[in-house]
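In: Sequence first, predicted coordinates after that:
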Amino acid sequence: MWSLADEMENWIKELLSTAEEGFVELRRSELASRFSCVPSQVTYVLATRFVPERGYRVESRRGAGGYIRIVKLPRKACRAQLEAGIGQRVSEREALTCLNNLTAAGLLGEETARCLSLLMADATLGLPPFLAGKVRARMLLTLLEHL
């Protein structure tokens, strides 16, 4: 199902792909007007779709001359952000989110992510939850070291 958030995300990504500076500056109110939504929906899209784990940084300045700057992070910065977010244990759900973010950032192919998600599943590991979480964290850190 296609949503307003998907449409807004794709539109912003299209702008970023043609931006020579590697960033775009927008106004929240202009985005809301363009997509016929309230500014809080724009905030939601920026907070969930343009995060460092997905390879983006959002900067904003409030006020009359305010703007939102969306920056496409270099691959190294994206990977470092993901490494910082992995702790001693990772749940199956957290591992899937990490793999999805790696795919969205272009660091991992979809087929590879699918295979890795199967390998990191609770059912595949067949370990007690606390031990499975440790194994998954180690797997993800090893993966990130070799990307």
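Out: Arrived safely, thanks for sending.
In: ok so Gly106 is a helix residue?
Out: No: counting by DSSP: H, G, I helix; E, B strand; the rest coil, Gly106 falls outside a helix, being coil.
In: Look at it and say how many residues are nearby.
Out: 11 (other Cβ atoms under 10 Å). Using the backbone N, CA and C atoms, a C-beta is placed for each residue, glycine as well.
In: okay, it: pLDDT?
Out: We have a pLDDT of 75 for Gly106.
In: just checking, it touches Gly55?
Out: Yes: counting by Cβ atoms under 8 Å, Gly106 touches Gly55, with 7.1 Å between them.
In: which stretches of this structure have low pLDDT?
Out: Applying pLDDT under 70 to the chain flags residues 1-2, 63-65, 74-83, 85.
In: could you pull out the helices for it?
Out: Using DSSP state H, the helices assigned to the chain run over residues 4-18, 28-34, 39-49, 75-85, 92-104, 110-119, 122-125, 129-145.
In: Now do the domain split for the chain, please.
Out: 4-72, 75-145 (automatic domain parsing).
In: ok, for the most centrally placed residue in the chain, nearest residue in space, not its chain neighbours?
Out: Taking Cα atoms, centre = their mean, the centroid of the chain lies closest to Arg54, which sits 2.4 Å from it. Counting by Cβ to Cβ, 6 or more residues apart in numbering, Arg54 lies nearest to Ala104, which is 4.7 Å off, once chain neighbours are set aside.
In: Around that neighbour, how many other residues sit close by?
Out: 19.
In: Ok, Gln88 next?
Out: Count around Gln88 with other Cβ under 10 Å applied: 9.
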